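>>> Sequence first, predicted model second:
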Amino acid sequence: MSAFSASSRRRILSLWLPRLPIDRIKRELNCKTDLQAKQGDDAPSVVVAKENNALKLYSLDDAAARYGLDIGMPLANARAICPQLIVFDADETADAQLMNDIADWCDRFTPLVALDPPHGLYLDITGCAHLFGGEAALSKLVCDLLTTQKFTVSAAIASTSICARTLTRHVHGRIVADGEEARAVAPLPVSALGASEAITTGLRRAGLKTIGDVASRARYEITARFGAAFTARLDQALGQGDGPINPRKPLPDYIVEKRFAEPVLTDTVIAATLSKLAQMLVAAMARDGKGARQLTACFFRTDGVVRGIVVDTGQAVTRTEIIDRLFRERLESLSDPLDPGFGFDLIRLSASRTEIVVQQQHDLDAHVHDNDELAALIDRIAARIGSHRVVVHLPQDTHIPESAELPVPAQQNLAAASQAAWQPRIEAEPPLRPLRLFERPEEIQVIAQVPDGPPARFVWRRASHAVVRAEGPERIAMEWWRPDGKGLTRDYFRVEDEAGLRFWVYRDGLYDRERDPQTNEPVQPAWFMHGLFA
């Protein structure tokens, strides 16, 4: 089980991938294979984006940088300098998705990972660096693995996120001890702070070219000229203040994981590992008297791909065999099989949501047994087909037929559904509502007496039905006090045709007595089929 020990200081690992867009494209082109076929090993490549109706360089590789090209340069100027330039269009959506994938991969090092747009990440490694041999070893491990995946990366570690971020833009691999932030960033140019172009230009015009120059001035002077937000950012870079990072995912209540010296591939080993992790997780929760309501299994592949499986439960789970069964059902129902690729080197099981377990008299109360068995059945079905497909219905205080009941997930609302009070059926009387109610009423053509008579004949789905019996009308007016309650009055009829089939139809609108709210013209009522009786 991963242990995140308490620490007196906060430590942040900042990662910056300055050439992510071009790196992504080269990876998609199979590590320069197509580029080499075009121009050779040193073919300069750039990514361009439209800015102010002009194409400008958005990202470039090492070969393009050696020609003196830089981000923000117009493409026409870049072609003049380097005619053999290979140009690709920017795709910010794909870049953002790749950053999210890399952030998922970084979860293997710490559960607290935050995005630093456009091409950076923050990893809160407080108390967990020792699991990887220390901060230096952890930084080197992360960078080496990303470099192996063909990414250009810069990293730095400091006690504040802004200090670490500032260092990554100019110094790679720097680890700043607590209290040494001001000395580390002092010689860096003011552009490293990441402030707006207007502020950076203003600082340079004032003769403040380095962060140390800015830090030497009184804070009230800086605030008066450049604003309080910039002063706060400066203090954070100097280690004199700090702002929290915004992790992409909430920290799970409990985490257990298993790392493998050699990647695992077989389903047997994966299932056995999940079972072992489930035992550890249940033991950890039992010490606090808690059970899991949501479980997440993450599988980390050696090539950086991360696969996650989430299982929800209707009641707090405190038994290993139940967790095993739920994940087995979930894995067997996956439309996209759990592809291990070259193998998983880390499997993690976490309880994303827990609650205190209430002890009940299972041996004396048969009702408790029934509830437990029903909840377990719902959990298994939900694990196989999805929790959103297993629903219960709760009654609603309204007379509008389609709103009289609300479908909700069964796992979270089973207790409420068992205690719901439905309107009882009158003995020896036919049901007032049909067994099957259409989600959307279907329009029909009707011959009926005007203005309020029942239908004598109607055509539905190209089939004609002659009405031999009719009951009604049951008049239902829309709820005028609601924002969407501007509908017409409905007259419902229970009708039976010559074949004995029974239908629930209604006339939408009253003849010559209701007007269109927009045109104020008298409405022409229409007829609809709303349900079928058994």
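Structure received.

>>> CA atoms for contacts and neighbours, from now on please.
OK.

>>> Measure how buried residue 67 is and give me the count.
Counted with other CA atoms under 10 Å, the neighbours of residue 67 add up to 12.

>>> any idea how far it is from residue 49?
Distance from residue 67 to residue 49, counting by CA to CA, to the nearest Å: 20 Å.

>>> ditto for residue 471
68 Å.

>>> and the strand or helix carrying residue 471, which strands flank it?
Assigned by DSSP states H and E, residue 471 falls within strand 463-476. According to DSSP bridges, strand 463-476 forms sheet pairs with strand 455-460 (antiparallel), strand 490-497 (antiparallel).

>>> Show me where the stretch 401-534 of the chain has its helices.
Assignment of helices within the stretch 401-534 of the chain using DSSP state H, counting those that start in this stretch yields the ranges 410-418.

>>> any weak-confidence spans in it?
483-486, 517 (pLDDT under 70).

>>> coming back round to it: looking only at neighbour counts, state which of residue 471 and residue 49 leads.
residue 49 (20 against 12).

>>> Could I get the buried residue list for stretch 398-417?
405, 408-414, 417 (16 or more other CA atoms under 10 Å).

>>> farthest-separated two in those residues?
Within the buried residues of stretch 398-417, 405 and 411 form the most distant pair, 17.3 Å apart (CA to CA).

>>> re the thing from before, right, and out of the buried residues of stretch 398-417, which lies closest to residue 235?
Nearest to residue 235 among the buried residues of stretch 398-417, with distances taken as CA to CA, is residue 412, at 46.3 Å.

>>> For stretch 510-528, measure first residue to last.
Start-to-end, stretch 510-528 (CA to CA) is 14 Å.

>>> Now tell me what touches that stretch from outside.
441-446, 450-452, 486, 488-490, 505-509 (CA atoms under 8 Å, 6 or more residues apart in numbering).

>>> Weed out the non-buried ones from those residues.
Buried among those (16+ other CA under 10 Å): 443-446, 488-490, 505-509.

>>> tell me which of the residues you listed is nearest to residue 244?
Nearest member of the buried ones among the contacts of stretch 510-528 to residue 244, counting by CA to CA, is residue 488, at 53.7 Å.

>>> Would you check that the closest one makes contact with residue 506?
No. Between residue 488 and residue 506 there is no contact under CA atoms under 8 Å: 11.3 Å.

>>> Show me what counts as buried in stretch 246-258.
Neighbour-count burial for stretch 246-258 [16+ other CA under 10 Å]: 247, 251-252, 254-257.

>>> what about it, start to end distance?
With CA to CA as the measure, stretch 246-258 spans 27 Å from end to end.

>>> Please spell out which residues along stretch 124-143 are buried.
Buried-residue list, stretch 124-143, by 16+ other CA under 10 Å: 124-129, 135-136, 138-139, 142-143.

>>> The stretch 201-350 of the chain: strands as residue ranges?
254-264, 290-301, 306-317, 344-356 (DSSP state E, counting those that start in this stretch).

>>> got JSON lines for those strands, with distance to residue 494 and mean pLDDT too?
Shown next, in JSON lines, are those (distance: least, CA to CA, whole Å; pLDDT from 0 to 100):
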{"stretch": "strand 254-264", "distance to residue 494": "56", "mean pLDDT": "91"}
{"stretch": "strand 290-301", "distance to residue 494": "45", "mean pLDDT": "91"}
{"stretch": "strand 306-317", "distance to residue 494": "39", "mean pLDDT": "87"}
{"stretch": "strand 344-356", "distance to residue 494": "48", "mean pLDDT": "91"}
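
>>> Compare the ones you listed and give me the one nearest residue 421.
Among the strands of the stretch 201-350 of the chain, strand 306-317 sits nearest to residue 421 (CA to CA), with 21.1 Å.

>>> tell me the angle of that closest one relative to strand 344-356?
Comparing the axes of strand 306-317 and strand 344-356 via axes from the mean of the first three to the mean of the last three CA atoms, to 10 degrees yields an angle of 30 degrees.

>>> picking up where we left off before, let me have the buried residues of stretch 246-258 in TSV, extended by distance to residue 331.
Formatted as TSV, the buried residues of stretch 246-258 follow (distance: CA to CA, whole Å):
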residue	distance to residue 331
247	28
251	24
252	22
254	22
255	20
256	19
257	18
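
>>> doesn't residue 474 make contact with residue 400?
No. Counting by CA under 8 Å, residue 400 does not reach residue 474; the two are 11.8 Å apart.

>>> do you know how far the nearest residue to residue 440 once chain neighbours are set aside is from residue 22?
Excluding the flanking residues, the one nearest residue 440 by CA to CA, 6 or more residues apart in numbering is residue 530, at 7.5 Å. Distance, residue 530 to residue 22, by CA to CA: 57 Å.

>>> Looking at the two, which has the bigger crowd around it?
Neighbours per residue (other CA under 10 Å) separate residue 530 from residue 22, with residue 22 holding more: 25 against 21.

>>> what's in contact with the helix or strand hosting that one?
Element membership for residue 22 (DSSP H and E) is helix 20-28. For helix 20-28, the surrounding residues in contact (CA under 8 Å, 6+ apart) are 32, 45-47, 59-61, 90-91, 95, 98, 119, 150-152.

>>> Check the offset of it from the chain's centre.
The chain centre lies 24 Å from the centre of helix 20-28; the measure is CA atoms, centre = their mean, to the nearest Å.

>>> same question, stretch 410-425
30 Å.

>>> Identify the residues contacting that stretch?
Residues contacting stretch 410-425 (CA under 8 Å, 6+ apart): 312-315, 375, 378-379, 387, 390-395, 431.

>>> Mind picking the two most distant members of the buried residues of stretch 124-143?
For these, and using CA to CA, no pair is farther apart than 127 and 143, which are 19.7 Å apart.

>>> ok, the residue nearest to residue 440 to residue 208 distance?
For residue 530, the distance to residue 208 - CA to CA - is 75 Å.

>>> And for residue 512?
In terms of CA to CA, residue 512 sits 80 Å off from residue 208.

>>> And those two? Which one has more around it.
Taking other CA under 10 Å, residue 512 and residue 208 do not tie; residue 208 has more neighbours (19 against 12).

>>> re earlier: Serialize the buried residues of stretch 398-417 to CSV and add fields for distance to residue 235.
Formatted as CSV, the buried residues of stretch 398-417 follow (distance: CA to CA, whole Å):
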residue, distance to residue 235
405, 56
408, 49
409, 48
410, 51
411, 48
412, 46
413, 49
414, 52
417, 55
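
>>> Now do residue 117: how many residues are near it, please.
Neighbour number of residue 117 under other CA under 10 Å is 10.

>>> Now the helix holding residue 22: buried residues?
Neighbour count says helix 20-28 has 20-26 buried, by 16+ other CA under 10 Å.

>>> Ok, stretch 197-211 next?
199-200, 203, 208-211.

>>> got the end-to-end distance for it?
15 Å.

>>> to the chain's geometric centre, what's the distance from it?
39 Å.

>>> Stretch 416-430: which residues count as buried?
Buried, per 16+ other CA under 10 Å, within stretch 416-430: residue 417.

>>> Do I have it right that residue 508 meets residue 493?
No. The pair residue 508 and residue 493 does not pass the contact test of CA under 8 Å, sitting 11.6 Å apart.

>>> residue contacts, residue 374?
Taking CA under 8 Å, 6+ apart as the test, residue 374 contacts no residue whatsoever.

>>> what helix or strand does it sit in?
Counting by DSSP H and E, the element that carries residue 374 is helix 366-385.

>>> so how far is residue 401 from residue 79?
Residue 79 is 68 Å from residue 401, by CA to CA.

>>> Check residue 49 too.
Applying CA to CA, the value for residue 49 to residue 401 is 54 Å.

>>> now swap in residue 235 and tell me
61 Å.

>>> Could you do residue 263 as well?
Taking CA to CA, one finds residue 263 at 57 Å from residue 401.

>>> Just give me the closest of the buried residues of helix 20-28 to residue 329.
residue 24 (35.9 Å).
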